[in-house]
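**Student:** How does the following fold in three dimensions:
(chains A and B)
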Amino acid sequence: VTVEKELELEFDLGNLLALDRNPPAAAGLRGAAPGREAKLRALARDNTQLLVAQLWELPAERAGGAGGPLVARLPEPAFRLPREKPPPRPRPPTRWEQFARLKGIRRRKRTSLVWDEEAKEWRRRWGYRRAGGDPARAWLAEVPEGADPEEDQFARLRREKRERVARNELNRLRNLARAHRAGTAIPAAPLHPTGHQSREELSHVARVARVSTASLGRFQPRLPKEPAEPPSRNASKKRRFEPLLGNLAAERSRQLELLRDMGSKKPVLDITRAVNKQLRQEEAEAAAAKGKKQSQRGKRGRRQ
Amino acid sequence: LIYCYRKPKTKRAKRFLEKREPKLKENTKNAMLIKGGNANLTVTEVLKDIYAVKKPFAVLYKKKNITRPFEDQTSLEFFSKKSDCSLFLFGSHNKKRPNNLIIGRMFDYHVLDMIELGVEKFVSLKDVKNSKCPEGTKPMLIFAGDTFDVNEEYRRLKSLLIDFFRGPSVPSIRLAGLEYVLHFTALDGKIYMRSYKVLLKKSGCKIPRIELEEMGPSLDLVMRRTHLASDDLYKLSLKQPKALKPKKKKNISHDVFGTTYGRIHMQKQDLSKLQTRKMKGLKKRPAEKSAEDDGARPKRSKSD
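**Tutor:** From the prediction side, this is the model:
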C-alpha cells in the first residue's frame, strides 16, 4: 500500500488529478514492447495507489443514511483551465430599472392565480383561460365620455393594443442598443484573436492608431513599408497650396508645361472619350428603365 | 438572453438559448469528434473509442469533412457554434502525416489551442477482452514524466488533455466508484496513454490496495505541429469572474488546538436597563406603588 517516490506527487483532488514529476525509468521503458507495458503498468499502479491514498484521506460520509455508499467530499478543482466562453458582462440597467432604483420601487411578488367571479374558480392571471375572459371575445366596449359617438370602439381598442405592443418592443430594442453600445465602446474593430488577421483589418487598426494622437496623426512618421496617404474624401474641403519659395525647378517645369498646352493645336477635350462616356451612360439608363418596367409588369400580372 | 434581437417565442427555445449563453459557472465542456477527408480505419477506431469514453459529453460526426484545421479554422468554428462544443478531436490520414489526430479547444467559439499528434500504436476497446467500467465514470488522471512541466508545448498538451478527459465537476464522489484511470507518460518525445480499470483489494489498513487491469484504448502518440494561443489570449481565457471567488468569512479564527474562535461586535449598552435576575422579594407592592404616585401627582396642574 505504501509507495516510495523521489519527488512527491502533486495532487488536484477536485479534478482527480495527480502529477508525477519524477523522470520515468528510461532504461526499462525504451526496451521491447511487452516489457514496456509491464513497466508502464507498474508505474501506473504506484501512482494510482498514491492518488487513491490521498482520496481516502478526504472527509467521507455515508450518503443516504447508514446503509448508503461511502461518499467523499471533493475540494474545488485547483488546476486552472481556460473557460469556454468569456464571463458574462454586467449589463447596464434599463430605463425602468434606473427609475425604480431612484424612486425606491421594489418588485412585488404576484400570485400566479387570480379569483374569477364569473367562473367561480381560480384562473391564471394571463394566458390560456385567463380570469376575466378571453379579450378577443369581448362583446361589449363602452364609449368613454367625451369620445366621438361615431367612432368604432373595437377598432380603437385593437389599435391601442397594437400601439402598446409596438412601444414595448421599441423600448426593448432601445435598451438593447444602449447595452450594446455601452459594452462595445472600442473605437477600432477588435482583431481576430487567433493571429489570422486579414490585411485590411491590420491596416485599418494601424490607421486608427496613427490618427489617435493629439494632433490627429499629422506629425506621425509612417512605418517603413507603409504606403503614402491616399487622397481622402475631405481633402477637397480644404485647398492646399504649394509654398511660395520652394522647389524652383518644379515651378519652372510647371509653367513651361502650361505654355506648351496653351500653344498646342490639340483640343483639350478628348472627343472620342467623351462620346464613349455619354454612350455608356445612355445605355445604363436604358437598362435601368427596362428593368423597372419588367418588374412593374410582373407585379401587375401577379396581382390578378 | 437579454442580448437577443429576436426574442425566443417558446419556453423550449428560451431554455436552449439559456444553456448556450456565457454563465458564471460554466457547463461541462462538450467535445466534437470529426473525421477528415481521408480518415483511415485506425483513426476512425480511435475516434469511436474516445467517444465511448467521453459519452455523453461528446458528439461523434459520422460524415467525413474535407477541411484542414491548421490552414482554415472557419469550418471548425462553425461546427463549434452549431453544436456548442468547445473541445474537438479531428482525425485524418495522409502519406506525410499518417494517423493524424488534432486535439484542440475553443474560447468564445474561436480556436484557442490546437496540437497535432500522430498515433503510432493503438489498441482499441474491442481488442482488450477484459471487463469494462460503466459509461460516464469520472476518470482519474495521472501524468508522469518531467517533460510535462519543463516543455511549454507539453504543458499546454497536459492542460488540453485534462480539459478533454476531465468530465463533469462534482462536489463529492463515491469512493467505491473510482474505477477508471488514464495514465499519460512522456518519454523520449513520445506520449504513452494507457487506460486501466482499478480494482480495490483489501489491505491491512483503511486505504485499499490497488490492482490495475488493462482496459480500454491505449495510444502511443508523438507530437507534430502545434498552434498555441498567444500568451495574452490564454490569460484572457483563464480569467475567472470575481463572483466565483470563495467569500472569506470574517471574524472567525482558529486556534492551534483546533478551537474555533468567533468575534462579535456589540453596540454600547445602557447598563441601567439591563435585564438581570428578578428578585421577587424586592418587587414593588401595589400599596407602595400608589403612595409613590400620590406623591408625584401634585406636580400636575389641577384642571376642572
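
**Student:** which stretches of the chain aren't confidently modelled?
**Tutor:** Picking chain A for this. Where chain A drops to pLDDT under 70, the residues are A:27-29, A:31, A:66-67, A:183-196, A:230-236, A:295, A:298-304.

**Student:** that's the wrong chain, I meant chain B
**Tutor:** Within chain B, the stretches with pLDDT under 70 are B:1-4, B:287-304.

**Student:** middle-most residue in it, spatially?
**Tutor:** In chain B, the residue lying closest to the centroid (Cα atoms, centre = their mean) is residue B:169, at 4.1 Å.

**Student:** Report the contact partners of the residue nearest to that residue when sequence neighbours are not counted.
**Tutor:** Once flanking residues are discounted, residue B:169 sits nearest to residue A:77: 6.1 Å by Cβ to Cβ, 6 or more residues apart in numbering or on different chains. C-beta here means a position set from N, CA and C on the backbone, and glycine is covered the same way. Contacts for residue A:77 (Cβ atoms under 8 Å, 6 or more residues apart in numbering or on different chains) come out as A:12, A:14-15, B:169.

**Student:** Give me the secondary structure label for residue A:77.
**Tutor:** Of the three states, residue A:77 takes coil under DSSP: H, G, I helix; E, B strand; the rest coil.

**Student:** With distance to residue B:72 and secondary structure added, can I get the contacts of residue A:77 in TSV?
**Tutor:** Shown next, in TSV, are those (distance: Cβ to Cβ, whole Å; DSSP: H, G, I helix; E, B strand; the rest coil):
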residue	distance to residue B:72	secondary structure
A:12	36	strand
A:14	37	helix
A:15	33	helix
B:169	33	coil
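
**Student:** Which members of the residues you listed are classed as buried?
**Tutor:** Buried members of these, scored by 16 or more other Cβ atoms under 10 Å in any protein chain shown, are A:12, A:14-15.

**Student:** hmm, back to that, specify which member of the contacts of residue A:77 is nearest to residue B:258.
**Tutor:** Relative to residue B:258, the closest of those is residue A:14; by Cβ to Cβ it sits at 24.3 Å.

**Student:** What's the separation between the closest residue to the closest one other than its chain neighbours and residue B:139?
**Tutor:** Closest residue to residue A:14 apart from its sequence neighbours, by Cβ to Cβ, 6+ apart: residue A:77 at 3.3 Å. To residue B:139, residue A:77 is 14 Å away according to Cβ to Cβ, to the nearest Å.

**Student:** Also residue A:162?
**Tutor:** 58 Å.

**Student:** Give me the more crowded residue out of these two.
**Tutor:** Just comparing residue A:162 and residue B:139: by other Cβ atoms under 10 Å in any protein chain shown the higher neighbour count belongs to residue B:139, 23 against 10.

**Student:** wait, doesn't the more buried one sit right on residue B:162?
**Tutor:** No - here residue B:139 lies out of contact with residue B:162, judged by Cβ atoms under 8 Å, at a distance of 10.6 Å.

**Student:** which of the residues in stretch A:125-142 are buried?
**Tutor:** So for stretch A:125-142, counting by 16+ other Cβ under 10 Å, buried means residue A:131.

**Student:** Now do it: distance to the chain's middle.
**Tutor:** On the basis of Cα atoms, centre = their mean, to the nearest Å, stretch A:125-142 sits 41 Å off its chain's mean C-alpha point.

**Student:** got the buried residues for the biggest strand by length in chain B?
**Tutor:** Assignment by DSSP state E gives strand B:110-123 as the longest strand of chain B. The neighbour-count check on strand B:110-123 (16+ other Cβ under 10 Å) flags B:110-117, B:119, B:122-123 as buried.

**Student:** wait, does stretch B:89-109 contact chain A?
**Tutor:** Yes - using Cβ under 8 Å from any Cβ of the partner chain, stretch B:89-109 reaches chain A at B:105-109.

**Student:** Pull up the gap between the residue nearest to residue B:169 and residue B:123, please.
**Tutor:** Distance from residue A:77 to residue B:123, by Cβ to Cβ: 30 Å.

**Student:** What of residue B:224?
**Tutor:** 21 Å.

**Student:** got it, and residue B:77?
**Tutor:** Distance of residue B:77 to residue B:123, computed by Cβ to Cβ: 33 Å.

**Student:** for the stretch 151-300 of chain A, what spans make up the helices?
**Tutor:** Counting by DSSP state H, counting those that start in this stretch, the stretch 151-300 of chain A has helices at residues A:153-183, A:199-211, A:248-263, A:271-303.

**Student:** Chain A - how does it break down into domains?
**Tutor:** A:10-72, A:111-138+A:153-170 (the TED database).

**Student:** and among those domains, the most buried is which?
**Tutor:** domain A:10-72 (a mean of 16; mean count of other Cβ atoms under 10 Å in any protein chain shown).

**Student:** So for that one, first residue to last residue, what's the gap.
**Tutor:** Domain A:10-72 stretches 19 Å from its first residue to its last (Cα to Cα, to the nearest Å).

**Student:** Tell me, how many residues neighbour the residue of the stretch 201-304 of chain A found nearest chain B?
**Tutor:** Per Cβ to the nearest Cβ, residue A:201 is where the stretch 201-304 of chain A lies closest to chain B, at 14.2 Å. Residue A:201 is flanked by 15 other residues according to other Cβ under 10 Å.

**Student:** ditto for the one 10 residues further on
**Tutor:** Counted by other Cβ under 10 Å, the residues lying close to residue A:211 total 13.

**Student:** swap in residue B:49?
**Tutor:** 21.

**Student:** give the contact list for it.
**Tutor:** B:124-125, B:216-217 are the contacts of residue B:49 under Cβ under 8 Å, 6+ apart.

**Student:** so which of these is the most crowded?
**Tutor:** residue B:216 (24 neighbours).

**Student:** need the contact list for the nearest residue in space to that one that is not next to it in sequence.
**Tutor:** Leaving aside its chain neighbours, residue B:216 sits nearest to residue B:195 (3.4 Å; criterion: Cβ to Cβ, 6+ apart). Contacts for residue B:195 (Cβ under 8 Å, 6+ apart) come out as B:53, B:139, B:180-183, B:214-218.
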